[in-house]
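> Coordinates only, no sequence provided:
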């Protein structure tokens, strides 16, 4: 079964009515995984016998007549999301063999719906970054051009048809930029719409779990399973207000898209042109555009980093060799901390911990952290205001083509990759990354940003844009 | 030079909730280490805190009981520091916005006058685990049973002027919190912990002298003694014309002196910032009013009621209501033995003596209120004398047996058999001719001596009223 050619609904139907058993499907998928993984370095751990056992269990449930919306479908899970059956490395060599004593809510929900976890996907050092170049096992290669990085391994897994869904984390934009680099669809949902219990977020304010798939429709199928209140994550209380699937999606024709023209000036001309062409095509499809301003993007990026760095210094404190990570031989407590943390955290994680510690220290808190909180508020207001003038906002997802695998993580140059994604994280609004066109044979993605709870609208607009333009997948040479 | 003492106290109190502050683990003492734990209180990566609403209710109750203003909107912050007893590397505490502030309680000053002690703030926070050092001395272990237990910290303004006032403040605070049923406040067991800040200044001076912080006091007595010791130490330094160093000192109970723990330069920078994994705590004015209305009867009101309803002297009422459980014990006893003054005498006398010996509170001993009532009934029924009753109480208290059982087992039943007593009376009259003569010549007081002799002969078991009667009959008859 070619996973890239059918929808989740169709695939689950095929498994449910016995066209193909979950076991067959997963067996086939795992075979493809081990072949493709050699060249692409997508997985930190591939499930083997465990996934097949689960597939058998799903087949038994189907025989008993259970209706499972994701029956037998292969999913990949980023390795900063806890899943008790496979090791969870968090992007640290010290956790290569770490088994979490519990499984994240989002993974549980997928499994309860019949999905099978086929593997854990690669990530940056402690999940800090949007390129995978700082991963302890090296970067994930882009299926479009293996010299370049995939941005996110989950997106590479979806783009190569190894899974129907990838569960990924996104704080400054890793999920959205990965989708862009691999030419697939990635959703960072409204803050709190998917439980993040079990996600080892380095930033508690911005870390979210999102979904990567090949269509907006598939994203919504996954959202119906994933979204909802979870008593273990306080931020999901907003889900009590509005469950998924209750929105009446308006005709896309009526949708007004806000276009912050000045934001696109941050781009090199040929990249900007991709988005301008996309805008023209969407206009032909009947979308209306209004020009507006998002003046705070550069400040938002800085505020994002101040808060995210501060939070990661705190969130990563637990990796001190006492409870988590191997304890290094040491004469006293101070030495134990230094030695153990030096082994558990990679260079990027150490850099961010040091920065974050500095930013929160006496004297600096008021200068940086407090100011960043103020900017955060202003950014939220700016996005909210902008979305009173339009239904959706269009923003680039990336400011450059994917980085080369051979490239060392540059500091702070790499951090500027998040210029279009991080501000949206501050806003708390849902953002869907979708292919807008191509440049030099590589996909280039844009974001559609909507008001809180507007995931269905984003997905519907996305499918119309992608389908009608026939930009994707892998067509348009 | 005359100095004025300035003291402020910081008290940590464990709340009596069923479960911990951020997870469902039981909040109870168990001897086996690390059994009351889960991914949340062990700080596993990805596990998120869930606020215990009952703990918030208790903190609110404590705040209104201490006459505080209530923050309708408050939240938790992170206090970051490395120590093995903190599994997350930070403590969740209300640093920026405490639930209660600007409260007070009244105490007696050293001259017996009413004095208002201002409470600056009361905030919630989580407890840490406990370090256990191996007997061999070459290993330290951590027990996380206590990690995440809910605490409130209650901080006074520097309003206390002597060690005696400080002790009375603690006693009053304990009484209020026990009455409000938010904590058992047992300092010896660690459910109430106290640190003290103390400085001296010349009488009349407006500015504070440099202060020291005292830690590690394990009883109210230790607080009082350590403060006395520190006043003397600081006064000696100042009298020599030297300066008191700002330091943290530890009270050494064995040596009865303060020892330097750390200097000012080693003071922590906790890098506090607001946690974003927990939702803010929002209270309504109605909830605050309800908490205020639901406050149980406090010590002063109860004492007044004991005077009015039971006709007890002021002294008795004060002693009985000094702790909630003692007052409860008293009232419970009255249910089956309705003679308040007699019950009061026994509780303040023999019963309290036994409690003090055993180091227990009234609700911790196996000698229940119904046992005391039974004992007193046996006296009234003439089954035992008051003197024997004291012996029975002691034995029943220590063995856990019912008084009636003790009386039977020990053969302590009072001799009320007239014929048995008559022979002993005759013997005593014969052996004490002198006394009998005195009596006959009008010195009737001597009857007491003769009764005593009979009691002696019977091992205290004779019914004294009956003995008296028989003696008079014998001598006069």
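Happy to help now that I have it. What you see is a predicted model; the values in this text were computed from it and never measured.

> now the strands for the stretch 301-450 of chain A?
Taking DSSP state E, counting those that start in this stretch as the criterion, the stretch 301-450 of chain A carries its strands at A:392-396, A:431-439, A:442-450.

> Export those as TSV, with columns for mean neighbour count.
All C-beta atoms are positioned from the backbone trio N, CA, C, and that covers glycine. Listed next are the strands of the stretch 301-450 of chain A as TSV, based on neighbours: other C-beta atoms under 10 Å in any protein chain shown:
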stretch	mean neighbour count
strand A:392-396	25
strand A:431-439	26
strand A:442-450	26
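
> List just the one of those strands that sits closest to residue B:163.
Ranking these by distance to residue B:163, with C-beta to C-beta as the measure, places strand A:431-439 first at 62.1 Å.

> Which secondary structure elements does that closest one sit against?
In this structure, strand A:431-439 makes packing contacts with helix A:174-182, strand A:185-188, helix A:216-226, helix A:269-284, strand A:442-450, helix A:455-469, judged by 3 or more C-beta pairs under 8 Å, 6 or more residues apart in numbering or on different chains; DSSP states H and E.

> can I get the ones you listed in JSON lines with mean pLDDT and distance to chain B?
As requested, these are exported to JSON lines (pLDDT from 0 to 100; distance: least, C-beta to the nearest C-beta, whole Å):
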{"stretch": "helix A:174-182", "mean pLDDT": "97", "distance to chain B": "16"}
{"stretch": "strand A:185-188", "mean pLDDT": "98", "distance to chain B": "17"}
{"stretch": "helix A:216-226", "mean pLDDT": "96", "distance to chain B": "16"}
{"stretch": "helix A:269-284", "mean pLDDT": "95", "distance to chain B": "33"}
{"stretch": "strand A:442-450", "mean pLDDT": "96", "distance to chain B": "21"}
{"stretch": "helix A:455-469", "mean pLDDT": "87", "distance to chain B": "22"}
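
> what's the closest of these to residue A:102?
Closest to residue A:102 of the helices and strands packed on strand A:431-439 is helix A:216-226 (C-beta to C-beta; 17.4 Å).

> Quick check: the residue of chain A nearest chain B.
Shortest chain A-to-chain B distance, computed as C-beta to the nearest C-beta: residue-wise this is residue A:317, at 2.4 Å.

> quick revisit: for the strands of the stretch 301-450 of chain A, give me a markdown table that also has distance to residue A:284.
Rendered in a markdown table, the data for the strands of the stretch 301-450 of chain A read as follows (distance: least, C-beta to C-beta, whole Å):
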| stretch | distance to residue A:284 |
| --- | --- |
| strand A:392-396 | 15 |
| strand A:431-439 | 14 |
| strand A:442-450 | 16 |
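
> Reduced to three states, what does residue 56 come out as?
Assuming you mean chain A. In the three-state summary, residue A:56 is assigned as helix, counting by DSSP: H, G, I helix; E, B strand; the rest coil.

> if I read this right, it contacts residue A:23, doesn't it?
Yes: A contact is recorded between residue A:56 and residue A:23 when judged using C-beta atoms under 8 Å, the distance being 5.5 Å.

> These two: which is more packed in?
Neighbour totals were compared for residue A:56 and residue A:23, and residue A:23 leads with 20 against 14 (other C-beta atoms under 10 Å in any protein chain shown).

> which residue sits closest to the more buried one in space, ignoring its chain neighbours?
residue A:55 (4.4 Å; C-beta to C-beta, 6 or more residues apart in numbering or on different chains).
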